[in-house]
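>>> pasting the sequence and the predicted model now:
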Amino acid sequence: MNRNRMVITVVVAVLIGAAASSFVYKQMQQVAVVKPITMGKVVVASIRLPLGTRLEPNHLKMVPWPEDEPMPGMFTRPEDCLNRALITSVVENEPILESKLAPEKAGAGLPATIPEGMRAVSVSVNDVVAVAGFVLPGTMVDVLVTGSLEGRGGNSQTLTRTILENVRVLAAGQKVEQDKEGKPQTVPVITLLVSPEDANKLTMASMEGRIQLALRNTIDTARANAPAVYRASIFGMPPAPRKPAGIQPKTMTFVVEVIRGNKRDTDTFPNP
C-alpha cells in the first residue's frame, strides 16, 4: 500500500514538473522574440561646419536611423534644410536639427546668429579690457564702466559700476568660433549680443567712460547686482564735512551809525 502511494506521489511530481517546465519554456520563447527594427534616414553633417555656414548639398549626407526613435526637429530630406544658416557649429555626422538653423531667408554669417529682438554691438578693446585675450566667442562677460559723476557745486566723483551682466560674446575680431585648443586671441574689437536698450547703454559707456570686461563662468547666470564703487572708498579720501543738524549758520551783519542833528542812532544790516 505504501509502495503504491509512493509511486503515485512520484508520478504527480513528475507531471507538475513537466507542466512547470512547459510554462517556463513558452514564456522564454515569448521573451526571446525580437521585434524587428524599421530603419529610416536622417540628415547629418558630412563635415565639420562652423557657426553661420549656409548649408549646401556637399555639407549634408543621409545616415540610417530607427523610425521608432525620432528626434525633435530632425530632417529626413536634405532639400528641407538647404540654404539655411547654422546658428551653432556642428561636427561631422551630427544630426541637423531645426533648433540649430536660423529662420529661412535670415541670411548667413554673423547676422543669421542674432536672435530676433537682439542686437550685435562691437566695442574697442585692448589686451586688458579683453581679459588677456580670453574673451572668446561663446563666452559670457559682465560690462563695467568707470567714469565721473558730476555732483552739486561742480564737484565730480569717479566711480566704477557694472552696467551689463551675463552678456554673450558673439565674435572676437572677425572670428565667430573659439580656437579648438582654447588659446587666447588678441583682437582690437569684441562683438556682444545685447538688447536694444543695453545697446544704448554700452554705446554711451564706451563713449563717455572706460569700459572693462569681466569674464564669468558660462553656467553662472545669477545676477550679482554689485553696488557702485567710488574712488574715495578705494583711496581713503575723507568725506566732505557736514554741518551739525539743527544748527543754523551764522548770518554776517554790519552796523551803521546815523547822526541826525543831536540824535544818534544805529541800524543793523545783513552782509550781502
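Received it, and whenever you're ready, just let me know what you need. Numbering: from 1, shown residues only.
>>> can you list the domain ranges for this protein.
When the chain is parsed with automatic domain parsing, its domains come out as 39-113, 119-235.
>>> how far does the first one sit from the chain's center?
Domain 39-113 has its C-alpha centroid displaced from the chain centroid by 23 Å (Cα atoms, centre = their mean, to the nearest Å).
>>> now the last one
Relative to the mean C-alpha coordinate of its chain, domain 119-235 is positioned 14 Å out (Cα atoms, centre = their mean).
>>> ends of that domain, what's the gap?
38 Å (Cα to Cα, to the nearest Å).
>>> what of stretch 212-229?
Stretch 212-229 has an end-to-end distance of 14 Å (criterion: Cα to Cα).
>>> residues of stretch 219-239 that come out buried?
Residues of stretch 219-239 include none that count as buried (16 or more other Cβ atoms under 10 Å). In this view, the C-beta of every residue, glycine as well, is placed from N, C-alpha and C.
>>> check stretch 129-148 too.
Neighbour counts using 16+ other Cβ under 10 Å place 129-131, 135-145, 147 of stretch 129-148 among the buried residues.
>>> Asp127 contacts Pro184, doesn't it?
No - using Cβ atoms under 8 Å, Asp127 is not in contact with Pro184; the gap is 9.1 Å.
>>> overlap in contacts, these two.
Shared contacts of Asp127 and Pro184, defined by Cβ atoms under 8 Å, 6 or more residues apart in numbering, comprise Gly133.
>>> I'd like the domains of the chain written out as a markdown table, with mean pLDDT added.
Below are these laid out as a markdown table (pLDDT from 0 to 100):
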| stretch | mean pLDDT |
| --- | --- |
| domain 39-113 | 89 |
| domain 119-235 | 86 |
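>>> out of these, which comes closest to Arg264?
Among these, domain 119-235 comes nearest to Arg264, with 43.8 Å by Cβ to Cβ.
>>> before we move on, the earlier item: out of the domains of the chain, which gets nearest to Lys26?
For Lys26, the closest of the domains of the chain is domain 39-113, at 26.7 Å, according to Cβ to Cβ.
>>> so for the closest one, first residue to last residue, what's the gap.
Domain 39-113 end-to-end distance (Cα to Cα) = 34 Å.
>>> swap in stretch 143-162?
6 Å.
>>> quick one: contacts for the closest residue in space to Gly133 that isn't next to it in sequence?
With sequence-adjacent residues excluded and distances taken as Cβ to Cβ, 6 or more residues apart in numbering, Gly133 is closest to Pro184, at 3.1 Å. For Pro184, the contacting residues are Ala132, Gly133, Phe134, Leu136, by Cβ under 8 Å, 6+ apart.
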